[in-house]
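Undergrad: Task: produce atomic coordinates for the following.
(2 chains)
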Amino acid sequence: MSVLLIAEHNNKELKPFTLNAVTAASQIDQDLHIIVIGHNAGEVAKSASSIPLVKKVIHVDSPIYENFLAENFTPVIVQNSENYSHVVCSANTFGKNLMPRVAALLDTSQISDIIKVISSDTFLRPIYAGNAFATVKSNDSKKCVTIRPTSFDQAESSGGSAEIITSDSKDEYSASKFIKKEEVKSDRPELGTARIVISGGRGMQSGDNFKLITAVADKLNAAIGASRAAVDAGYITNDHQVGQTGKVVVPDLYIAVGISGAIQHLAGMKESKVIVAINKDGEAPIFSVADYGLEADLFEALPQFLEELNKLNTIQK
Amino acid sequence: MKILVAVKRVIDYNVQIRVKDDGTGVVTDNVKMSTNPPDDNAIEEAVKIKESGKAKEIVAITIGEEKAQETVRKALAVGADRGIHVKTEGVIEPLAVSKILQKIVDKEKPDLVFMGKQAIDDDCNQTGQMLAALLNWPQATFASNINVKDKSLEVTREIDEGLETIEVNIPAIITCDLRLNEPRYASLPNIMKAKKKPLDQLTASDLGIDTKPRIEQIKVEEPPKRKAGIKVSSVAELVQKLKNEAKVI
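TA: Numbers count the residues shown, from 1 in each chain, chains lettered A, B, ... in the order given. The predicted structure follows:
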C-alpha cells in the first residue's frame, strides 16, 4: 500500500490544510508521497519534501497548471496514481472540485470528507450536515478519499528531506479557461484555522453593522464568519460563510451573534471547543449547542462585550 | 440549445433527521421529502436561460425510487418541458449516478447539464465532476453566476478564497451553488399543467448500468452530543466565564 496526496498550494507555498491532510494520509499508510502540480512551484515541492512524514515528492511543472483547473490536473494525477492504493486530498473547494473527476476516471467510488481514519479501507464521515456519522468501507482496489482538514492536526512541516522527482506534464485541456480570481485579502487569521471565530447572522440587519463584529474581532485577533442568511442578504462576502456548504471551522472559541442556528449553520461550527451564542430570541436553536448563551440585543451586547474585553486587556495576539 | 437538469429527492432541509436505532441509516418513513435545495437553483437557472431565448428545451431527470418522480414533476411545474425518471432501488452512489447520466446524455445530446453542487443527504459533492470526467466535458462547479455566451459560458465559482471566474466551452457541466438565483415557486395552474407533460420511465438495467454499491455502509450513528450549556445573565458574566472557566480569552 502507498498513498498519493495531492498538494494544495498557490505556486509559492503549500496551503496549511495540506499539513492536516498529511496527518490523515499517514494514518492510512506510512508510505506517503505528495504530488505537487503547478507552475514555477519548485519552492512548494521543496517545502513538501521537508515534511518528515512524506517519503517522496512528485513535482509536475507547466504553465498549464498555473490556475489549478481540474480539467488539466486530472490526467496527470490519473497517470501518476498507477502505483498507489490511495489518492487523497483536502476536502475544501480545491479537492471537492478535483477529486471526483479523478475518481470517475479511475472507476472508483470516492469517499468524501472523512473525519477519522479507522483503517486503510474504513473511514468515518459526516452525512446530513453532520447530524449523523457514517462508518464506511471502500471495496474498490484503488481508493479516492477527501479529508476534512479541521478534523486532523497539522503535521510537522520541517526536518524531513524526501526525494523530489519530476514527472511530465500532459496536454492542455482546451475547452476550459481560467479568467480571474477575486481573492479577499485580509490581515486577520484565516477563517479555517483561526483560534477564535466571531460570526454574524441575519440579526446583524446590515453589512454596515458588521463593524460591531469587526471591532470585537480586532480585539480578539479573531476571524470573521457569517451565516448563509447574512451572505445571501449581501452583508458580507461568501468566503466568510460557515456551514454545510460553506466552511467548517473548529476554533477554540466560536461566538455566534444574531445567528438563529439553522441545521446548515450548525454543521459548520458545532465541533468548536467553546461556543458562545448572543441572540435576543431565547428559543433560537443556536442556544442548544452553546456552552454560554446570552439572551440579549446584540446592538447593546457587542459594544459592552468590547468594553469588557478592553478592561481585561490581556488578550494575546 | 438543450439543457438537461438532474434533480434528487432528499429529506427536506428543515427536517431534524433521526438515526435509526439499529444503526442502518436514518429514519425516512413519514418524513417530509423534497427536491435537494441546490437542484432547485439548477432548474431555476435553466428556466431563466430558456426565458431569455437562449435555450429551446429543458429536460429534467431524476434517479431513484418510484416517488422520486415528484421532483421531476416539480421541475416540470416550474418550467422544464419533459421529464425522465430512471428507476432504481436502494443506495445509488454518485459514480453510478454519473454513469446513468452519461448514458442519458449520449441519448439526449444536451448542450448543458445542470445540477446542484451537492446533495444535502450524503453530502458527497461528486456527481457533476464525475459526469464531466466520463464525458470529458468542462466542469464549472459551485456556480454563483452564469453568463451565457455564443459557444461558451462564463461562470463565477464560489471558492474558499473568494470568487473565481472561468470560461467553459459548450457542451459543459455546471453544478449550482445556492446563491446562483432565487428559485421560483410553482403556481397551482402550472402544477396542474405539469401533470400532462411527458415523463419517460426506465430502469438502470435498461441502460446497462451496474448500480451495486462499491462502498459498504457499516453503521450510522448519532454524532457525540454536546454537554448542555448555561445561560449567562450579562456580558460581564460572559467575559468572566470565558476568561476564568473556559480559559479561551
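Undergrad: mind checking pLDDT for the residue most central in space within chain A?
TA: Taking Cα atoms, centre = their mean, the centroid of chain A lies closest to residue A:92, which sits 4.7 Å from it. With respect to pLDDT, residue A:92 scores 94.
Undergrad: so where's chain A uncertain?
TA: For chain A, the stretches with pLDDT under 70 are A:313-317.
Undergrad: Kindly report the domain assignment for it.
TA: A:3-166, A:196-312 (automatic domain parsing).
Undergrad: Can you give me the first-to-last residue distance of the longest one?
TA: This stretch, domain A:3-166, spans 17 Å end to end (Cα to Cα, to the nearest Å).
Undergrad: ditto for stretch B:162-182
TA: 21 Å.
Undergrad: Equivalent analysis for stretch B:158-172, please.
TA: Stretch B:158-172: ends 18 Å apart by Cα to Cα.
Undergrad: Could you give the separation of that stretch from the chain centroid?
TA: 18 Å (Cα atoms, centre = their mean, to the nearest Å).
Undergrad: do the longest helix along chain A and chain B meet?
TA: The longest helix of chain A (DSSP state H) is helix A:298-312. Yes - Helix A:298-312 lies within reach of chain B by Cβ under 8 Å from any Cβ of the partner chain, at A:301, A:304, A:305, A:308, A:309, A:312. C-beta coordinates here come from the backbone N, C-alpha and C atoms, glycine included.
Undergrad: Return the residues of the stretch 201-317 of chain A in contact with chain B.
TA: A:220, A:228, A:231-232, A:237-239, A:244-245, A:247, A:252-253, A:263-264, A:270, A:273-276, A:282, A:287, A:289-296, A:301, A:304-305, A:308-309, A:312, A:314-315.
Undergrad: Next step: the residues you listed restricted to strands.
TA: A:253, A:274, A:275, A:276, A:292, A:293, A:294, A:295 (DSSP state E).
Undergrad: Please report how far the second one lies from residue A:252.
TA: Spatial separation of residue A:274 from residue A:252 under the definition Cβ to Cβ, to the nearest Å is 6 Å.
Undergrad: Quick check: bridge partners of the closest residue to residue A:69 other than its chain neighbours?
TA: The spatial neighbour of residue A:69 that comes closest, neighbours along the chain excluded (Cβ to Cβ, 6 or more residues apart in numbering or on different chains), is residue A:176 at 5.5 Å. For residue A:176, the beta-bridge partners under DSSP bridges are residue B:168.
Undergrad: circling back to that earlier point, buried stuff in the longest helix of chain A?
TA: A:298, A:301, A:302, A:304, A:305, A:306, A:308, A:309 (16 or more other Cβ atoms under 10 Å in any protein chain shown).
Undergrad: what are the C-alpha coordinates of it, in PDB please?
TA: Extracted in PDB, the C-alpha atoms of helix A:298-312 (Å, rounded to 0.1, in the frame of the first residue of the first chain):
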ATOM      1  CA  LEU A 298     -26.700  42.300  20.000                       C
ATOM      2  CA  PHE A 299     -26.600  46.000  19.300                       C
ATOM      3  CA  GLU A 300     -26.200  46.600  23.100                       C
ATOM      4  CA  ALA A 301     -24.200  43.400  23.900                       C
ATOM      5  CA  LEU A 302     -21.500  43.800  21.300                       C
ATOM      6  CA  PRO A 303     -20.300  47.200  22.400                       C
ATOM      7  CA  GLN A 304     -20.500  46.000  26.000                       C
ATOM      8  CA  PHE A 305     -18.500  42.900  25.100                       C
ATOM      9  CA  LEU A 306     -15.800  45.100  23.600                       C
ATOM     10  CA  GLU A 307     -15.700  47.300  26.700                       C
ATOM     11  CA  GLU A 308     -15.300  44.300  29.000                       C
ATOM     12  CA  LEU A 309     -12.600  42.900  26.800                       C
ATOM     13  CA  ASN A 310     -10.800  46.200  26.900                       C
ATOM     14  CA  LYS A 311     -11.000  46.100  30.700                       C
ATOM     15  CA  LEU A 312      -9.200  42.700  30.700                       C
END
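Undergrad: Would you list the buried entries among the residues of the stretch 201-317 of chain A next to chain B?
TA: Here, 16+ other Cβ under 10 Å leaves A:220, A:228, A:231, A:238-239, A:244-245, A:247, A:253, A:263-264, A:270, A:274-276, A:287, A:289-296, A:301, A:304-305, A:308-309 buried among those.
Undergrad: Give me the number of neighbouring residues for residue B:229.
TA: Per other Cβ atoms under 10 Å in any protein chain shown, the neighbour tally for residue B:229 reads 17.
Undergrad: my guess is residue A:279 meets residue A:255, correct?
TA: No - applying Cβ atoms under 8 Å as the test, residue A:279 and residue A:255 come out as separate, 11.3 Å apart.
Undergrad: between the two, who's got more neighbours?
TA: Using other Cβ under 10 Å as the criterion, residue A:279 and residue A:255 rank with residue A:255 on top: 32 against 26.
Undergrad: Can you list the strands that the helix or strand hosting the more buried one pairs with?
TA: Secondary structure assigned from DSSP states H and E places residue A:255 in strand A:253-257. Its sheet considered, strand A:253-257 pairs with strand A:196-200 (parallel), strand A:274-279 (parallel) by DSSP bridges.
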